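Take a look and give me a structure for this.
(one chain, ligands or ions: 1)
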Amino acid sequence: MKVAVIKEGDPAERRVALVPEAVQKVRAAGIDVLVETGAGARAWLTDDSYGEAGASVVSHQEALAADVLLLVGKPARDLVAGLRPGQVVIGLLAPLTDAELTTSLAAAGVTAISMDMIPRTLPRAQPMDALTSQANIAGYKAAVTAAGAFGRFFPLLITAAGTARPARVLVLGTGVAGLQAIGTARRLGAVVSAYDVRPETKTEAESLGATFIELTSVGPASGEGGYARALTDDERRAQQDELTGHITRHDVVITTAQVPGRRPPLLITEDALKGMSPGSVVVDMGASALGGNVAGSVPDETVVTENGVTVIGAGSLPSSMPTAASAMYARNISSLLLYLVKDGELAIDPDDDLQAGVLITTGGQIVHPALKPEQADHADTAGGAESVDGPAD
Ligand code: NAD
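All right, here's what the predicted structure looks like:
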């Protein structure tokens, strides 16, 4: 069996699916590894380093002919139509929000396996949990990015030239990324507060040194699988109003809130931004083509509001730390690949809950239970201009 690391479909993506260390691990299982020329270049991983690890460095066309194609993100649209039936594609394919790609993978007869659909609560899935590994990186980088954009210090500083009070940082959403952002901001010396709709995250946030904010207007909103559920329109408005009072008392706000398969919830309204002091910084980790947690944030751009608040659209932070992110992702994807291989061949067992969880298309069909027609309608809407989580506020 031949697996190939191909160049990413998104030209802005700097991560690569396997690093040389992971190539060795895959080869040790009797699998040939091809790496497209220059695939690791944007993560400072040279073709030579892949060759030394035992990979064959090949052209784009040769890589595309492999049995299994490994990616971080989605394959380029024009590439999918050229794939052959039975070929396997593994990556973060976002099938809950990109129905068009899922349909085209099925139409091409491709077996598509999505790293973002791994059932994260299964203990044996932990080494494969790319959402967690990448969210950890994003949370760290969000805090560092905020500190870099802030015109003052994060820590309390007492010098002969004066005393600087510590920055007040608020983290909204205390899942994997939010907890890492809290820990990093605390290590930089900030005074940190945090909020999440899942009250069970309170003790985790507090154990990292944050003060947990409990809203009186919105009750617990824990959903399935350890995630939050989408709020109703009334809950969302109440949450935004009550959060505004907290947001305007902070120098830096980092937002990480997500609800799987849906538009990220809007937590910071235009009014909240207007109430913040000049020089404040907001990092919106939810910022993506689907929307963001912050009114007016633009993915991968920094905007400064009329009242001097810097709003950083930071939905693709793991790609900005490509070496660390690739190393962690490579461990995740190689663990999944080796889990799916029996006797040197890919053998997907639909009776295995982990394997059934990641299998999106095969034999020309969309097979994942979450993508049945009624859910597929929902995914279409999530990928479109309108929110499935209600209007854009
Ligand atoms: P996520 O990226 O989907 O969401 C980030 C955070 O946003 C979550 O904590 C969520 O509660 C919060 N959020 C959503 N809507 C919100 C709103 N309107 N207001 C405020 N906060 C809102 O989640 P994640 O970090 O990928 O994972 C969430 C949880 O899943 C983890 O904290 C963990 O408990 C669980 N998990 C379990 C395992 C495991 O069992 N091995 C692995 C990974 C994650």
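
got a list of what the closest residue in space to Leu157 that isn't next to it in sequence touches?
The shortest distance from Leu157 to any residue that is not its chain neighbour, by C-beta to C-beta, 6 or more residues apart in numbering, is 4.2 Å, and that residue is Ala164. Any C-beta I mention is one placed from the backbone N, CA and C, and that applies to glycine too. The contact partners of Ala164, taken as C-beta atoms under 8 Å, 6 or more residues apart in numbering, are 152-153, 155-158.

Now do Ala164 against Ser280, distance only.
Taken as C-beta to C-beta, to the nearest Å, the spacing of Ala164 relative to Ser280 amounts to 16 Å.

and what of Thr159?
Remark: distance between Thr159 and Ser280 (C-beta to C-beta) = 23 Å.

residues near Gly313, how many?
22 (other C-beta atoms under 10 Å).

Show me the beta-bridge partners of it.
When bridges are assigned using DSSP bridges, the partners listed for Gly313 are Asp284.

that older thread, neighbour count winner among Thr159 and Ser280?
Ser280 (25 against 7).

Quick check: closest non-adjacent residue to the more buried one.
With sequence-adjacent residues excluded and distances taken as C-beta to C-beta, 6+ apart, Ser280 is closest to Val309, at 4.8 Å.

got the residues of the protein near the ligand?
Those residues of the chain that sit near the ligand, judged by C-beta under 6 Å from any ligand atom, are 120-121, 126, 129, 131-132, 135, 172-178, 196-198, 201, 226-228, 231, 256-260, 265, 267.

which stretches of the stretch 1-150 of the chain form strands?
In the stretch 1-150 of the chain, strands defined by DSSP state E, counting those that start in this stretch lie at 2-5, 32-36, 56-58, 68-70, 88-91, 111-114, listed in chain order.

related to what we said a few turns ago, is it true that the residue nearest to Ser280 touches Pro278?
Yes - at 7.2 Å, Val309 counts as touching Pro278 under the criterion of C-beta atoms under 8 Å.

Neighbour count for those two, which is higher?
For Val309 versus Pro278, neighbours defined as other C-beta under 10 Å are more numerous around Val309 (23 against 12).

how close does that one get to Ala194?
Counting by C-beta to C-beta, the gap between Val309 and Ala194 amounts to 20 Å.

Show the contacting residues for Pro20.
With contacts defined as C-beta under 8 Å, 6+ apart, Pro20 is in contact with 45, 49-50, 52-53, 55.

of those, buried ones?
Listed as buried from those are 45, 49-50, 53, 55; burial here means 16 or more other C-beta atoms under 10 Å.

Using a markdown table, lay out the strands of the stretch 1-150 of the chain together with distance to Gly357 and mean neighbour count.
Listed next are the strands of the stretch 1-150 of the chain as a markdown table, based on distance: least, C-beta to C-beta, whole Å; neighbours: other C-beta atoms under 10 Å:
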| stretch | distance to Gly357 | mean neighbour count |
| --- | --- | --- |
| strand 2-5 | 21 | 25 |
| strand 32-36 | 25 | 24 |
| strand 56-58 | 31 | 19 |
| strand 68-70 | 18 | 26 |
| strand 88-91 | 13 | 23 |
| strand 111-114 | 9 | 26 |
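
could those strands go into a markdown table alongside mean pLDDT?
Formatted as a markdown table, the entries for those read as follows, by pLDDT from 0 to 100:
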| stretch | mean pLDDT |
| --- | --- |
| strand 2-5 | 98 |
| strand 32-36 | 98 |
| strand 56-58 | 98 |
| strand 68-70 | 98 |
| strand 88-91 | 98 |
| strand 111-114 | 98 |
